[in-house]
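Asker: Next input, structure requested:
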Amino acid sequence: MGTKTKKTNPNLVVLIQQLKDAGRINEAPVWRDIALRLEGPARHWAEVNVGKLNRYASENETVIIPGKLLGAGEIAKKVMVAAYRSSGQARDKIEKAGGKSMSYLELIEKNPKGSKVRIMG
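Answerer: Okay, the predicted model is just below:
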């Protein structure tokens, strides 16, 4: 059996703990789910393009990406997106469409229960 490697990025380690804490305190399993996905190898993290958001997300929907948001494609819907990392191009496209790109912690502040969010990736 392989040994589990520890994350070395101190910011990521803190974020994973904050997500787990938010899941426990708010009784919101969605935050723990994201934390567990981020604990896995980065090569298994989701990479979602704005074009995929446009295809699968609904207008005014909140989407969480356990990984990276990339700028390929176009988006014409107003969506709120939280991702570990977003490219500048992706953020620009989402904001031009009337949406918002934010961090996980900003989303937890806005929606502590994690209700009506979609995990994509």
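
Asker: those helices in this structure, which residues are they?
Answerer: 10-25, 29-39, 50-56, 88-96, 104-110 (DSSP state H).

Asker: Below-threshold pLDDT in the chain: ranges please.
Answerer: 1-5 (pLDDT under 70).

Asker: OK, contacts around residue 46?
Answerer: Counting by Cβ atoms under 8 Å, 6 or more residues apart in numbering, residue 46 makes contact with 37, 65-68, 120-121. C-beta: built from backbone N, CA, C; applies to glycine.

Asker: Kindly recompute the last result at 6 Å.
Answerer: The neighbours of residue 46, taking Cβ atoms under 6 Å, 6 or more residues apart in numbering as the test, are 65-67, 121.

Asker: Can you lay out the residues you listed as CSV showing distance to residue 20 and neighbour count?
Answerer: Output for the contacts of residue 46, formatted as CSV (distance: Cβ to Cβ, whole Å; neighbours: other Cβ atoms under 10 Å):
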residue, distance to residue 20, neighbour count
65, 18, 27
66, 14, 23
67, 18, 20
121, 19, 17
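
Asker: out of those residues, which one sits closest to residue 31?
Answerer: residue 66 (10.9 Å; Cβ to Cβ).

Asker: Surely the closest one is in contact with residue 37?
Answerer: Yes: Residue 66 is within contact range of residue 37, at 3.8 Å (criterion: Cβ atoms under 6 Å).

Asker: Go through the helices of the chain and name the closest to residue 78.
Answerer: Evaluated over the helices of the chain, closeness to residue 78 peaks at helix 88-96, with 8.8 Å, by Cβ to Cβ.
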